[in-house]
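*Asks:* Using only what follows, build the 3D model:
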Amino acid sequence: MRYNPEGDEALNQRQSARLKRLSDYLHSGSHRLFMFELLVPAEQAQLDCVKGDKKAYDLEIRPGLMVKPKNGNGGSRNGASDSASD
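*Replies:* Numbering: from 1, shown residues only. Predicted structure coming up:
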């Protein structure tokens with residue numbers, strides 16, 4: 001699943017709906033398991049923050065985006081928490 005909480009909202013909604021549909025189907029009696037992999041493709045602004053360095057994006061920005069709430073609240077541009085209470 002491709003999902004970037006700071007990315008295209010329409011794409012994120014489509015991806016979430018597809019994942020929910022699959023999950024509902026698998027839990028509805030099929031007794032099948034599935035493995036989920038979250039892919040967080042970089043947005044241009046995120047790459048710009050690390051001067052286009054994709055390795056730096058993977059090390060510095062992507063981890064925060066992987067745990068950022070789905071609605072996008074509670075994080076700064078690089079996915080890190082803005083306050084100690086988050």
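
*Asks:* Helices of this structure, residue ranges please.
*Replies:* Here the chain has its helices, by DSSP state H, at 9-25, 44-49, 54-56, 62-66.

*Asks:* Now do the shortest one: everything it contacts.
*Replies:* Think helix 54-56. Contacts with helix 54-56, where a contact means C-beta atoms under 8 Å, 6 or more residues apart in numbering, come from 42, 47, 50. C-beta: built from backbone N, CA, C; applies to glycine.

*Asks:* Kindly report the same for the first one.
*Replies:* Contacts of helix 9-25 with the rest of the structure, by C-beta under 8 Å, 6+ apart, involve 1-5, 34, 36, 70.

*Asks:* In PyMOL, select just the buried ones from those.
*Replies:* In PyMOL, a selection of the buried entries from the contacts of helix 9-25 looks like this (16 or more other C-beta atoms under 10 Å):
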select buried, resi 3+4+5
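
*Asks:* of the contacts of helix 9-25, the lowest pLDDT goes to which?
*Replies:* Lowest in pLDDT among the contacts of helix 9-25 is K70, which has 71.

*Asks:* which stretches of the chain have low pLDDT?
*Replies:* 71-86 (pLDDT under 70).

*Asks:* give me every residue that touches the residue located most distally from the centre of it.
*Replies:* Within the chain, G29 marks the point farthest from the mean C-alpha position, 28.3 Å out by C-alpha atoms, centre = their mean. If you count contacts by C-beta under 8 Å, 6+ apart, G29 has none.

*Asks:* hmm, back to that, and the helices of the chain, which is most packed in?
*Replies:* helix 62-66 (a mean of 17; mean count of other C-beta atoms under 10 Å).

*Asks:* which other helices and strands contact that helix?
*Replies:* Applying 3 or more C-beta pairs under 8 Å, 6 or more residues apart in numbering; DSSP states H and E, one finds that helix 62-66 contacts no other helix or strand.

*Asks:* if we can go back for a sec, what's the closest of the contacts of helix 54-56 to M66?
*Replies:* A42 (12.6 Å; C-beta to C-beta).

*Asks:* residues near that closest one, how many?
*Replies:* 20 (other C-beta atoms under 10 Å).

*Asks:* what sits against it?
*Replies:* A42 neighbours (C-beta under 8 Å, 6+ apart): 4, 54, 57, 61-62.
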